[in-house]
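1. A structural model of the following input is requested.
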Amino acid sequence: MSYGIEFVPGNLSVKQVVNYCKLAETKDIDYAWITNHYNNRHCYPILGAIAAATTELKVGPGIMNAFTDTPAAMASFICTLNEISDGRAIMGIGPGDLSTLPKLAIDPAKPVARLAEAVTQIKALCAGEEVKKQGLEFFDYDGAKLTGVQLPGKKGIPIYIGAQGPKVLELAGTVGDGALINASNPKDFDVAIPILKAANEKVGKKGFDIGAYTAMSIDMNEKKARNAAKIVAAFIAAGSPPSLLERHGLDLNNVAKIKEALSRFDFKTVGGLVGDGEIDAFTIAGTPDIVKQKCEDLTKSGVTQIIFGSPLGPDMVNSIRLLGKYVV
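-> Reported below is the predicted structural model:
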C-alpha cells in the first residue's frame with residue numbers, strides 16, 4: 001500500500017501548497033497530486049516548485065486532459081518535471097471535466113477516443129520517438145519529436161488514467177500504469193476493480209496501481225471532521241448519476257434539493273440537507289481510528305494507493321499530521 005495526497009490550488013497559495021507537500025513528505029506520504037482547473041493556479045509551475053522543494057515525494061498533475069492541453073505539450077512538461085524532480089514525475093490524465101469544458105467553448109466530443117490517442121502519443125514522445133502520421137483522428141502528428149528535453153529513459157514516466165465509467169476503466173487497465181478513481185467507498189471499487197483486472201489480464205499487464213482518490217476529512221473530533229466533509233459530499237452527490245446514488249441507498253429527492261441549493265450557493269441549506277448517508281457514501285470522515293479502518297476496507301477491496309483528497313479536515317496542517325501519525 002502506498003499513500004498520496006491531493007491539493008487544490010484555488011484557495012491555497014503556491015507557497016502553502018509547497019509547504020503542505022514538504023510536510024506530507026516528512027509523514028511518509030509517497031505521492032503529491034495537484035489538481036488542474038483553468039480557474040485556479042496552474043499546476044505546472046506549482047509542480048515544479050514542489051519538485052524543487054522535496055527529495056522523495058513523487059509529483060504529478062491530478063489530472064490533465066487532451067482538450068485543454070495537447071499530448072506534445074503534456075509530454076514536454078512531464079519530461080521537464082521529471083528532470084527537476086530527479087525521476088519522481090508521475091502523470092495523471094483523464095477524459096476531461098465534461099461540466100467545465102463547455103464553459104471554455106470546447107465541445108467534449110469522443111472523450112475516450114481522444115484520451116486513448118493522447119496517451120499513445122505522450123508515451124511515444126517520452127520514449128524519444130519521432131511520431132509520424134498514423135491515421136489518427138485527433139493527434140495525427142507528422143514528424144513530432146522532443147529534441148530539447150531530458151528523456152526519462154527505459155523506465156518511462158508512470159501514466160495514471162482518471163477513470164469512472166466502464167469504457168475509461170477498461171482503457172486505463174489496457175494502456176495505463178495505474179488508475180485514479182474518484183471514490184471513497186468500497187462499493188464503488190467492487191464495481192470498478194473487476195473491469196480494471198479484466199483489462200490488465202487481456203494485455204498481460206502486472207503491477208497496476210489502483211488509486212482511490214478519496215474525499216478525506218480527519219480530526220480528533222469526529223463531529224468537526226464530518227462537518228468539514230459536508231460540502232464536498234454535497235458536490236459529489238449533486239454530480240452523481242442516479243445509478244450511483246441508488247448504489248449507496250441515497251434519497252434521490254434529497255439529493256435533488258442539495259443540487260438546487262448548491263445552484264443558489266446556499267451552503268447553509270446544503271449543510272442541513274447533507275446527512276450521514278451522503279457523507280459515508282462519498283467521503284472518508286471521522287477520527288483517526290475511523291479513517292484508518294475505512295482505509296483498510298479500501299485495501300481489502302483491492303486498492304493499492306490511497307490518496308487523501310480535499311478537504312483533508314477542518315485544519316489542514318493538523319490533518320496531515322494526524323494522517324501521518326495514525327494512518328500511513
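2. Please make it C-alpha for all contacts and neighbour counts, starting now.
-> OK.
3. Okay, buried residues for the strand or helix carrying residue 76 please.
-> In this structure, residue 76 sits in helix 71-84 according to DSSP states H and E. Across helix 71-84, burial judged by 16 or more other Cα atoms under 10 Å covers 71-72, 74-84.
4. likewise stretch 214-229?
-> Those would be 214-219, 222, 224-229, for stretch 214-229 by 16+ other Cα under 10 Å.
5. need the residues you listed in CSV with secondary structure, distance to residue 109 and pLDDT, can you?
-> Compiled in CSV, the buried residues of stretch 214-229 are given as follows (DSSP: H, G, I helix; E, B strand; the rest coil; distance: Cα to Cα, whole Å; pLDDT from 0 to 100):
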residue, secondary structure, distance to residue 109, pLDDT
214, strand, 28, 98
215, strand, 28, 97
216, strand, 32, 98
217, strand, 35, 98
218, strand, 38, 98
219, coil, 42, 98
222, helix, 43, 98
224, helix, 42, 98
225, helix, 39, 98
226, helix, 38, 98
227, helix, 38, 97
228, helix, 36, 97
229, helix, 33, 97
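6. dump the residue contacts of the spatially closest residue to residue 224 that is not a sequence neighbour.
-> Nearest non-adjacent residue to residue 224, counting by Cα to Cα, 6 or more residues apart in numbering: residue 314, 6.7 Å away. By Cα atoms under 8 Å, 6 or more residues apart in numbering, the contact set of residue 314 is 217-219, 224-225, 228.
7. Over to residue 205?
-> So, once contact is read as Cα under 8 Å, 6+ apart, residue 205 ends up touching 173-174.
8. again with residue 102
-> Residue 102 touches residue 108, counting by Cα under 8 Å, 6+ apart.
9. For the helix holding residue 76, name the packing helices and strands.
-> When contacts are defined as 3 or more Cα pairs under 8 Å, 6 or more residues apart in numbering; DSSP states H and E, helix 71-84 packs onto helix 43-53, helix 111-126.
10. Quick check: which of those helices is nearest to residue 292?
-> With Cα to Cα as the criterion, residue 292 lies closest to helix 43-53 of these, at 27.0 Å.
11. Pull out the buried residues from that closest one.
-> By neighbour count on 16+ other Cα under 10 Å, the buried set for helix 43-53 is 43-44, 46-51, 53.
12. Quick check: next helix or strand after it?
-> Going down the chain from helix 43-53, the next helix or strand is strand 58-61, by DSSP H and E.
13. Which residue ranges of the chain form helices?
-> 14-26, 43-53, 71-84, 111-126, 166-175, 186-203, 222-238, 242-247, 252-263, 267-273, 276-282, 288-301, 316-322 (DSSP state H).
14. Dump those helices to a markdown table, plus distance to residue 37.
-> Shown next, in a markdown table, are these (distance: least, Cα to Cα, whole Å):
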| stretch | distance to residue 37 |
| --- | --- |
| helix 14-26 | 14 |
| helix 43-53 | 8 |
| helix 71-84 | 15 |
| helix 111-126 | 17 |
| helix 166-175 | 20 |
| helix 186-203 | 25 |
| helix 222-238 | 16 |
| helix 242-247 | 25 |
| helix 252-263 | 19 |
| helix 267-273 | 22 |
| helix 276-282 | 21 |
| helix 288-301 | 27 |
| helix 316-322 | 21 |
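15. where's the residue nearest the centre of the chain relative to residue 224, distance?
-> When Cα atoms, centre = their mean is applied to the chain, the residue found nearest the centroid is residue 62 (4.4 Å). Distance of residue 62 to residue 224, given as Cα to Cα, to the nearest Å: 27 Å.
16. Same check on residue 84?
-> The value you get for residue 84 to residue 224, if Cα to Cα is used, is 39 Å.
17. What of residue 30?
-> Per Cα to Cα, residue 30 is found 27 Å from residue 224.
18. Ok, residue 89 next?
-> 35 Å.
19. Next: residue 241.
-> Counting by Cα to Cα - residue 241 and residue 224 are separated by 28 Å.
20. ditto for residue 38
-> For residue 38, the distance to residue 224 - Cα to Cα - is 31 Å.
21. likewise residue 311?
-> Residue 311 is 12 Å from residue 224, by Cα to Cα.
22. cool, residue 58 as well?
-> Counting by Cα to Cα - residue 58 and residue 224 are separated by 31 Å.
23. Same check on residue 262?
-> Distance, residue 262 to residue 224, by Cα to Cα: 21 Å.
24. before we move on, what about residue 108?
-> Counting by Cα to Cα, the gap between residue 108 and residue 224 amounts to 39 Å.
25. Ok, residue 44 next?
-> Residue 44 sits 33 Å away from residue 224, going by Cα to Cα.
26. before we move on, the earlier item: ok, which of the helices of the chain comes nearest residue 1?
-> Of the helices of the chain, nearest to residue 1 by Cα to Cα is helix 288-301, at 7.6 Å.
27. Tell me what angle the closest one forms with helix 222-238.
-> 40 degrees (axes from the mean of the first three to the mean of the last three Cα atoms, to 10 degrees).
28. Now find how far off-centre helix 288-301 is within its chain.
-> The chain centre lies 19 Å from the centre of helix 288-301; the measure is Cα atoms, centre = their mean, to the nearest Å.
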